[in-house]
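S.K.: got a sequence here, can you model it:
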Amino acid sequence: MALDLSALSRQVRAMSGSLASEASDKQGRQTLALGRYLESADAPELWAEAADLSRENSAWLLARPVEPLNTTHDAPARPAEYALIATDGSQIDVERHGMAACYVINIGRVFLRYGPRASARLTSRPALYYREEDLYLSDGVRRVAIEGNYLSSRRDVEEGQALVEMADEFLPPPATRRTPRDGSFDALIDPPADAPPPAIALQDGTLVRWTLANAEKYVQDHFLQPYLRYLDAMRARGVPVASYISRPRAPEVAGTIRLMFCPDVDVAQGRGAKCNACSDMAANREPSCMVCQGLTDADILA
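M.R.: Numbers count the residues shown, from 1 in each chain. This next block holds a predicted model:
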C-alpha cells in the first residue's frame, strides 16, 4: 500500500508546532538543572555518597562524582604519529517467511595510521549463519533463538574479536608500544625516535551490553564471557578500547542532578532517594526532580 504523503505532511506540521512549544519549557529546565549542578560543584564527596545511598532505590541511572563537578582538563597535545583500528558491524536478521532460516553478520574493519608514514586499510568480512548451533542457544531443554537483540550481541562480540585480530596484524607488540599507563602523556608527545606510534581501538556505540540486561543467566554468559575475553586481550596488548556514539543520550549525570532536587536525600542522616516512597508524591505534589525529566547529560552540559 502506498504511503499517503499528504496525510503524513499534516502530522509533520503538527509535530513541528508541538516541538516548538516544548522548546521554551525545556530550555528553562536545562537552565535550572545546570544552575543546581554548578551550585553543588564543590561538594563531590557529598553527591558521591548521595549516589551510593540512592543506587538501589532510585528509578534512574546515577553518575558517581570523583572530582569537583566543574573540573575541566586541557586536551594533551596530539602525538605526531598514531594508529587507530576500528570495527563497525551490521546484520541481516532472520527472515521468518524465508525459504531457509539464516542471518548475515558483516564486520567492517578499519586501520588508519596518521603522521609522516600515513597508511590505511579498509575491509569488510561477511558471514552467513544457518546451522542449528548458529540459530539457537541451548541450555538443556531450553532453547533461545539468536535474533533481534541477541543477534546484535553476537555482532558486538565479533566486532571485538576482529579488533584483537587487527591489533595482532597491524600494531606493534605490546612491549614496544607507547601507552599512558601511568596517566602521563609525555611518552606520547615526545617519544623516542624509533618508537612505534601509540594506538587506540574504537567500536561503534556503547561498550556496555545493555541488550543483555534482562536476558537469562546462560544467555548473558554465552555473550558476555567472550566479550570480556576480548577486552582482556586488548588490555594485554596495550591497546585502549573506546566507543563512539554520534548522538549520546546518556542520562547518568542528569540522574545525579535529580538527587540535588530531591527533598528526601539527606546524606547526614544516611538517607538517599526512594522513588517508591517519594514525599512529594505523598503530598500530592509533582516530584521536585521532574525538572530533569527527559533531559540528557548533553542537554544540560553541552
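S.K.: backbone dihedrals for Met123, both of them.
M.R.: One correction, residue 123 is Thr, not Met. Backbone torsions of Thr123, given as degrees, to the nearest 10, read phi -140, psi 170.
S.K.: list the residues that contact the nearest residue to it once chain neighbours are set aside.
M.R.: Distances taken as C-beta to C-beta, 6 or more residues apart in numbering put Arg109 closest to Thr123, at 4.9 Å, once the chain neighbours are dropped. Quick note: C-beta positions are derived from backbone N, CA and C, even for glycine. Contact analysis of Arg109 by C-beta atoms under 8 Å, 6 or more residues apart in numbering lists Ile85, Ala86, Thr87, Arg121, Leu122, Thr123, Ser124, Arg125, Ala162, Met166.
S.K.: same check on Arg125?
M.R.: Asn106, Ile107, Arg109, Ala162.
S.K.: and these, which of them are in strands?
M.R.: Asn106, Ile107, Arg109 (DSSP state E).
S.K.: end to end, how far does stretch 278-286 reach?
M.R.: Length of stretch 278-286, first residue to last, C-alpha to C-alpha, to the nearest Å: 10 Å.
S.K.: same question, stretch 68-78
M.R.: 26 Å.
S.K.: list the buried residues in it.
M.R.: Within stretch 68-78, the residues scored as buried using 16 or more other C-beta atoms under 10 Å are Leu69.
S.K.: give me the mean pLDDT for it.
M.R.: Taken as a whole, stretch 68-78 carries a mean pLDDT of 92.
S.K.: show me where this structure has its strands.
M.R.: Under DSSP E, the chain gives strands at 82-92, 103-114, 119-129, 136-139, 142-145, 199-204, 241-244.
S.K.: quick one: Lys26 from Ala20, how far?
M.R.: 11 Å (C-beta to C-beta, to the nearest Å).
S.K.: should've said Ala277
M.R.: On the measure of C-beta to C-beta, Ala277 and Ala20 end up 38 Å apart.
S.K.: where does this protein dip in pLDDT?
M.R.: Applying pLDDT under 70 to the chain flags residues 174-196.
S.K.: ranges for the helices of it?
M.R.: 5-39, 44-54, 132-135, 149-170, 186-189, 217-236, 252-261, 279-282, 297-301 (DSSP state H).
S.K.: can I assume Phe223 is in contact with Ser152?
M.R.: No - with contact defined as C-beta atoms under 8 Å, Phe223 does not reach Ser152; the gap is 9.7 Å.
S.K.: please say which of those two ends up with more neighbours.
M.R.: Phe223 (22 against 19; other C-beta atoms under 10 Å).
S.K.: and the most centrally placed residue in the chain, what does it touch?
M.R.: For the chain, the residue sitting closest to the mean C-alpha position, by C-alpha atoms, centre = their mean, is Thr206 at 2.6 Å. Contact partners of Thr206, counting by C-beta under 8 Å, 6+ apart, are Ser243, Ile245.
S.K.: I'm done for today, thanks for sticking with me.
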